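Student: Test case, fold it:
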Amino acid sequence: MTFTENPQPQQRASLPMSASFSDRQRTGLTADDLFEGITEHLFFSLGRSAVDPSPHDLYMALSYAVRDRLMNRHLAAKDLMRQQRPKAVAYLSAEFLIGPQLANNLLMLGLQAEASEALARFGISDPEQVFAVEEEPGLGNGGLGRLAACYCESLASLEIPATGYGIRYEFGIFDQLIRDGAQVEITDKWLKGGWPWELVHPTKAQSVGFGGRTEVWHDEQGRYRVRWIPAEVVMGIPHDVPVPGYRVNSCGRLRLWRAEASEAFDFHAFNSGDFHGAVEAKVGSETLSKVLYPNDGTDGGRRLRLMQQHFFVSCSLQDMLANLQRRGIAIDEFPRHWAVQLNDTHPAIAVAELLRLLLDEQGLDWDQAWSIVSGSLAYTNHTLLPEALECWGLELFGALLPRHLELIYEINARFLQQVRLRHPGNDQILRQVSIIDEGGAKAVRMAHLAVVGSHHVNGVAALHSDLVKRDLFPAFAAIWPEKFTNVTNGVTPRRWLALANPPLNDLLSQTVGAGWPAQIDALQKLESFQHDDGFLERWAACKLAGKRRLAAVIDQRNGLLVDPTSLFDVQVKRIHEYKRQHLNALGVIARYLRIKNGETQGLAPRTVIFGGKAAPGYAMAKLIIRFINGIAETVNSDPDMKGLLKVAFLADFNVQLGEKIYPAADLSEQISTAGLEASGTGNMKFALNGALTIGTLDGANVEIREQVGEENFVLFGHTTDQIQELHRNGYRPWEWVAGSPLLEEIFALIESGHFSGGDGELFRPLVQNLVGRDPFAVIADFDAYLEAQQRVDAVWQHRRDWQRMSLLNTARSGFFSSDRAVREYARTIWQVKPVPVELSCPL
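Tutor: Numbers count the residues shown, from 1 in each chain. Got it, this is the predicted structure:
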């Protein structure tokens, strides 16, 4: 089966007449119907007149009108679950970076033109005036959350029943401002204007315990039982967000949990004059769903993060069990009805929590309960970095989740006994695989718990999956080789090309067919146009349109005029040393010096664009942002640059900004240290939109290079094995610097304060880190990086070659569709099939 084929669908489900509607204002799909729906919601939902409504009024009213049109599909999906009892996917993720919903949902429903016409009747000439009002949902931060969003969209588009489970954060991670070149974090109040996409279900709330104690008892059959008596109980209120599929009737959902106190107000305390104490429980409980990723640099932050993880996992598993009960399905049928995917280690507590629910709440015996747990859960690993493989100290874990710690001890004891039988006398392997880290401060290794409790463990790129087996979990891979597999990440072509890049979408629809967003293989037809000069001109015009749009954004945000005909060289992603934004910055300084020295022959005019957030407690990453902005201030004010170089850092990178950046990029910087990036998804979005990649053999870069052709990928740098060999042999970066006059000149310029207003101390920690330690081999790859950039300059001079390479990147990016990835999960891990939905009253 090729990746563009659906598995054999089950019998179609029809929407019962009791859930269908004939009101055209609610369900009709013409411009007239949408206009009437907007008018109705202005009046009845918002209390506004249809005369001269504000853009925000129109955003809310149109969103409600679009949501009305999702309800038939949403309810049909729920009826399908009751009628046919198909196996469904439960995707557990701490974040879902779903992005703005209105424009995307109009695309999915095929209502873009109709919405534009309806808005025009209210005097709106450009729908972007309304779309721009929407706040970005603060439900995710980076690639992990964006991947989860792409997969939920693909699950709906492929008509596979699914629910994405997470937390309804009141505030996102933070909004990023740049003040005096430095990152400043402010509260992300994304809900302040109202969010019309959610449906609240208070009657389906779940209760979650923390702390307390356990006690032993015996049931009527005399069996040993344990009862957990928590000290604190928090309620989880579900908020559902419909996730429509692309031009199909199927509609998935996000179910996001909001924390609420079981007793919100202590009336006795209030009457006694303790006004703070009267609401203390409410404030404490609601903290669980306040902020995405609290800073775990403090004891309180670590405690809150563990509580958040248990909160949403427990609510979600209880919800799945309740779903089975409502449908009259026996508990032991759980693995045949729910495929539970753990998106990284954040939901790994699901192993112990599902076991607890089955043992203590459902009364199952151990073997039966463990069979259900290990038959239902699968684990995706997203990182090789030790700090991202969560470990929780036993004291904290036992204080918050005493029953779960007891169960983890028992899981570990049973597992280690199996290992002893396989490897008698080998204490080393026992220490390697134990769920409890016995070295130093004892802790629960959540990644180990996930591996032991899951039936499959997958990496997210071919290289990453190999390293998971070879370097991260070698002992586990030796014990259970059949558990480990690979599913390379993917991105949805609907949002990241069809929606984000209208000029290119129009060209593709005219050339390979309007159905290409659902049939991504159609992009391969572009290859036949690679030598067609007329078509390549049209291709270049699409790219130029995207660059002009981004240039306007840069002007508006940064007050910087850039040349859209220059080479747009882009690196946007989370700021981290291993992603090596500072390597790019050093390369910019090298280019700056060449221009200052008059060595401009062969240099392509460049606009170098950065974007990304640094974790609030990550000092070096924040210093890198300050470094980039210091370089930008110096370069952009130097008249010697003569249009050959400009630098921009775009603050607050998110989905909305990404939709402007990816279509505009000529060059995609994917320059992480080899062996440290699990996969990446930004690299796929850039390639899909026709950017050439300059990159290392890291993460999915390896597969991008294989797919698009090595001649259309600018490779540089040490490989994973070479990096490891470098460090084994005693890497001394100061010797590399001493042997490079250019690097010596660059560091001398930095230390002189040239990029920091004369402050020679500001960037000293960065310089000392690079010259003295260089843990991510920036210095070792510097010369190769500059040489690769010279190759980029050379190709840019031959514009037809560049355009052809750009076209081939898009034509050969179909493999990186999230549809392909979801089909692989469905076939090899989840064992689920599509269940198409038919509406009894087609709209």
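
Student: From Ile694, how far out is Arg495?
Tutor: Arg495 sits 25 Å away from Ile694 when distances are taken as Cβ to Cβ, to the nearest Å. Quick note: C-beta positions are derived from backbone N, CA and C, even for glycine.

Student: likewise Thr634?
Tutor: For Thr634, the distance to Ile694 - Cβ to Cβ - is 23 Å.

Student: which of the two has more neighbours?
Tutor: Using other Cβ atoms under 10 Å as the criterion, Thr634 and Ile694 rank with Ile694 on top: 25 against 18.

Student: Show me what the strand or helix carrying that one is in contact with.
Tutor: Using DSSP states H and E, Ile694 sits in strand 692-695. Outside strand 692-695, the residues that touch it by Cβ atoms under 8 Å, 6 or more residues apart in numbering are 666-671, 683, 686-687, 701, 704-705, 708, 712-716, 788-789, 792, 795, 802, 805-806, 809.

Student: Parallel or antiparallel, which strands does that strand pair with?
Tutor: Next to strand 692-695 in the sheet, as set by DSSP bridges, lie strand 667-670 (parallel), strand 713-715 (parallel).

Student: Identify the single longest helix in the chain, thanks.
Tutor: In the chain, with assignment by DSSP state H, the single longest helix is helix 55-84.

Student: got the contact list for whichever helix or strand comes after that one?
Tutor: Downstream of helix 55-84, the next assigned helix or strand under DSSP H and E is strand 88-92. With Cβ under 8 Å, 6+ apart as the test, strand 88-92 has contacts from 81, 148, 151-152, 155, 160-166, 312-313, 316, 320, 337-343, 347, 350, 825-826, 830, 832.

Student: What about those residues, which are in helices?
Tutor: Those of those lying in helices (DSSP H): Met81, Ala148, Tyr151, Cys152, Leu155, Phe312, Val313, Ser316, Met320, His337, Ala350, Tyr825.

Student: In PyMOL, select just the buried ones from these.
Tutor: Typed into PyMOL, the line below selects the buried ones among those, using 16 or more other Cβ atoms under 10 Å:
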select buried, resi 81+148+151+152+155+312+313+316+320+337+350+825
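
Student: where in the protein is pLDDT low?
Tutor: 1-22, 25, 264-284, 840-843 (pLDDT under 70).

Student: can we see that at 80?
Tutor: For the chain, the stretches flagged by pLDDT under 80 are 1-25, 262-285, 293-297, 386-388, 840-843.

Student: in the stretch 451-600 of the chain, which spans are strands?
Tutor: Ranges of strands within the stretch 451-600 of the chain are 456-459, 484-486, 567-572, based on DSSP state E, counting those that start in this stretch.

Student: State the number of residues packed around the closest residue to Gly515 other than its chain neighbours.
Tutor: Closest residue to Gly515 apart from its sequence neighbours, by Cβ to Cβ, 6 or more residues apart in numbering: Ala522 at 7.1 Å. Residues lying near Ala522 (other Cβ under 10 Å) number 20.

Student: Asn412 too?
Tutor: 19.

Student: out of all of them, which strand in this protein is the longest?
Tutor: Longest strand in the chain, counting residues (DSSP state E): strand 232-244.

Student: That one pairs with which strands, parallel or anti?
Tutor: By DSSP bridges, strand 232-244 pairs with strand 199-200 (antiparallel), strand 206-210 (antiparallel), strand 251-261 (antiparallel).

Student: can you give me the angle the longest one makes with strand 88-92?
Tutor: Using axes from the mean of the first three to the mean of the last three Cα atoms, to 10 degrees, the interaxial angle of strand 251-261 with respect to strand 88-92 works out to 50 degrees.

Student: Using PDB, write out every CA atom in strand 251-261.
Tutor: Presented in PDB, the C-alpha positions along strand 251-261 are these (Å, rounded to 0.1, in the frame of the first residue of the first chain):
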ATOM      1  CA  CYS A 251     -14.900  16.000  12.400                       C
ATOM      2  CA  GLY A 252     -12.500  15.100  15.200                       C
ATOM      3  CA  ARG A 253     -12.200  17.000  18.400                       C
ATOM      4  CA  LEU A 254      -9.800  18.400  21.000                       C
ATOM      5  CA  ARG A 255     -10.900  17.800  24.500                       C
ATOM      6  CA  LEU A 256      -9.100  20.300  26.700                       C
ATOM      7  CA  TRP A 257      -9.400  20.100  30.500                       C
ATOM      8  CA  ARG A 258      -9.800  23.200  32.700                       C
ATOM      9  CA  ALA A 259      -9.100  22.800  36.400                       C
ATOM     10  CA  GLU A 260     -11.700  23.900  39.000                       C
ATOM     11  CA  ALA A 261     -11.900  23.400  42.800                       C
END
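
Student: Okay, angle between that strand and helix 55-84 too, please.
Tutor: Using the same axes, to 10 degrees, strand 251-261 lies at 100 degrees relative to helix 55-84.

Student: Mean neighbour count and distance to Ser509 added to the strands of the stretch 451-600 of the chain, as a markdown table?
Tutor: Below are those laid out as a markdown table (neighbours: other Cβ atoms under 10 Å; distance: least, Cβ to Cβ, whole Å):
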| stretch | mean neighbour count | distance to Ser509 |
| --- | --- | --- |
| strand 456-459 | 24 | 34 |
| strand 484-486 | 18 | 33 |
| strand 567-572 | 24 | 24 |
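
Student: Please state the offset of stretch 689-709 from the chain centre?
Tutor: Its chain's C-alpha centre and that of stretch 689-709 lie 19 Å apart, by Cα atoms, centre = their mean, to the nearest Å.

Student: do stretch 430-440 as well
Tutor: 30 Å.

Student: what distance separates the start and the end of it?
Tutor: 16 Å (Cα to Cα, to the nearest Å).

Student: buried sites along it?
Tutor: Buried positions in stretch 430-440, judged by neighbour count with 16+ other Cβ under 10 Å: Leu430, Val433, Ser434, Ile435, Ile436, Asp437.

Student: Nearest spatial neighbour of the fifth one, chain-adjacent residues omitted?
Tutor: Excluding its sequence neighbours, the residue lying closest to Ile436 (Cβ to Cβ, 6+ apart) is Asn412, at 5.7 Å.

Student: what's the answer for the second one, then?
Tutor: For Val433, the nearest residue in space outside its immediate sequence neighbours is Ala475; the separation is 4.9 Å by Cβ to Cβ, 6+ apart.
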